[in-house]
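**Q** next input, structure requested:
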Amino acid sequence: MHVENFKIFSDLVESESFSRAAKLNGITQSAVSQQLRAMEKHFSILIVDRSQKQFRLTREGQKLYESAKEILYLYDKLNSELQEMKKVISGTIHISTVYSIGLHELPPYVKAFLSKYPEVNIRVEYRRANNVYEDILTNSIDLGLVAYPQKHKQLEVLPFHDDILVLVVSPEHPLAGNSNVTLEEISDQKFIGFEPDIPTRKATDQIFREANLEMEPVMEFDNVETVKRAVEINAGIAILPQTTVTREEAQGLLKVIKFKDQVFKRPLALIHRKGRVLTPAMKKLIDLLTSKDLNSLESES
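**A** Predicted coordinates:
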């Protein structure tokens, strides 16, 4: 048995999907099935209860899974400790993030980090919020970045920083001349919104509910870039994170309006699975992201 065998088996158990386990390990579904049969033959046990329609481990299979997790943990821990002994900051970090953070918040941190540690490779995947949590919980991704972080017993949640929600309109919109607005002044406007399951949309809905106002979008999209394009053509107005419209505001494509006497914060957080072995590179990146200071790398000896 090799460590890779236990990794594939662990991914299969946690995803309960042969196709997902195959994708996570860059192999075919048939290869996953062959690995499972090889493990059953090696240990002379039945690992999966094939009499059940749903994926279910036998008692022996559950024991094997628990031991496999221990083996993988010790292997990762040893690898991390050896890298620390050699003072090596290298390897690949996989990050899963929602579009708005990945496109508008993360880039300067990645640039600063790679400038300091060029031997590290950072791979960023843009996902919906629910998929980011799934990626972390199934151990298919190292780190996640989300807005309005959810608490979970298996997650470590580390504050990144707070963004501010602002009203965004086309320069041609009647409200474009306003320096600030109230919720009451915009409640009857045509809104361009995120889809209902997106955290920022949920937060916006809650803001209006608490003000005893209604907001019903005329268009809904799953990412901030499409929302901005709709506002640019004056199809409606939108409430968006301020950092996501910096470029368009500077170019005169969009007008940003703050809320009068109110500040609506959008908390951002870094998440990873509790108990996960963090490589030296991951620890350095986490330190940078949670320090909120791009110059913090320069102060390191």
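
**Q** domain boundaries for the protein, per the record?
**A** 3-84, 88-161+268-297, 162-266 (automatic domain parsing).

**Q** which residue is most remote from the mean position of this protein?
**A** residue 44 (40.1 Å; CA atoms, centre = their mean).

**Q** mean pLDDT for the domains of the chain - can I get that in TSV?
**A** Formatted as TSV, these follow (pLDDT from 0 to 100):
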stretch	mean pLDDT
domain 3-84	89
domain 88-161+268-297	91
domain 162-266	95
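
**Q** OK, contacts around the closest residue to residue 170 other than its chain neighbours?
**A** Distances taken as CB to CB, 6 or more residues apart in numbering put residue 234 closest to residue 170, at 3.9 Å, once the chain neighbours are dropped. From N, CA and C alone the C-beta is placed, and that goes for glycine too. If a contact means CB atoms under 8 Å, 6 or more residues apart in numbering, then residue 234 has 170, 172-173 as its contacts.

**Q** please repeat the previous calculation with a cut-off of 10 Å.
**A** 169-173, 176, 190 (CB atoms under 10 Å, 6 or more residues apart in numbering).

**Q** out of everything not next to it in sequence, what's closest to residue 160?
**A** residue 268 (4.1 Å).

**Q** isn't that neighbour up against residue 101?
**A** Yes: using CB atoms under 10 Å, residue 268 is in contact with residue 101, at 6.1 Å.

**Q** shared neighbours, these two?
**A** Common neighbours of residue 268 and residue 101 (CB under 10 Å, 6+ apart) are 145-147, 160, 163, 241, 243.

**Q** what's the spacing between the residue farthest from the centre of the chain and residue 13?
**A** Between residue 44 and residue 13 the computed distance is 19 Å (CB to CB, to the nearest Å).

**Q** residue 80: which element?
**A** Residue 80 is located in helix 59-85, with elements delineated by DSSP states H and E.

**Q** next secondary structure after that helix?
**A** For helix 59-85, the following helix or strand on the C-terminal side (DSSP H and E) is strand 91-97.

**Q** which helices and strands sit right next to the following helix or strand past that next one?
**A** Going down the chain from strand 91-97, the next helix or strand is helix 99-104, by DSSP H and E. Here helix 99-104 touches strand 91-97, strand 120-126, helix 129-137, strand 143-147, strand 155-169, helix 224-232, strand 238-241, strand 265-273, going by 3 or more CB pairs under 10 Å, 6 or more residues apart in numbering; DSSP states H and E.

**Q** in the very next helix or strand once past helix 99-104, what's buried?
**A** Counting by DSSP H and E, the next helix or strand C-terminal to helix 99-104 is helix 107-116. Neighbour counts over helix 107-116 (16 or more other CB atoms under 10 Å) mark 109-110, 112-113 as buried.

**Q** now do helix 107-116: distance to the chain's middle.
**A** 18 Å (CA atoms, centre = their mean, to the nearest Å).

**Q** what's the angle between it and strand 120-126?
**A** Helix 107-116 and strand 120-126 are oriented at 160 degrees to each other (axes from the mean of the first three to the mean of the last three CA atoms, to 10 degrees).

**Q** now helix 107-116 - C-alpha only, CSV.
**A** C-alpha atoms of helix 107-116 as CSV (Å, rounded to 0.1, in the frame of the first residue of the first chain):
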residue,chain,number,x,y,z
PRO,A,107,-4.5,39.6,-6.2
PRO,A,108,-2.3,42.1,-4.3
TYR,A,109,-1.7,39.6,-1.5
VAL,A,110,-0.8,36.9,-4.0
LYS,A,111,1.5,39.2,-5.9
ALA,A,112,3.3,40.3,-2.6
PHE,A,113,3.6,36.7,-1.4
LEU,A,114,5.0,35.3,-4.7
SER,A,115,7.5,38.1,-4.8
LYS,A,116,8.8,37.0,-1.4
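
**Q** tell me the angle of that helix relative to strand 143-147?
**A** Using the same axes, to 10 degrees: helix 107-116 against strand 143-147 is 160 degrees.

**Q** is the most centrally placed residue in the chain in a bridge, and if so with what?
**A** The centroid of the chain falls nearest to residue 97 when counting by CA atoms, centre = their mean (3.0 Å). Using DSSP bridges, the bridge partners assigned to residue 97 are residue 126, residue 145.

**Q** measure it to residue 10 for me?
**A** 24 Å.

**Q** would you mind measuring from the closest residue to residue 255 other than its chain neighbours to residue 242?
**A** Distance criterion CB to CB, 6+ apart; nearest residue to residue 255, sequence neighbours excluded, is residue 176 at 4.4 Å. Distance of residue 176 to residue 242, computed by CB to CB: 17 Å.

**Q** then residue 180?
**A** For residue 180 relative to residue 242 (CB to CB), the value is 13 Å.
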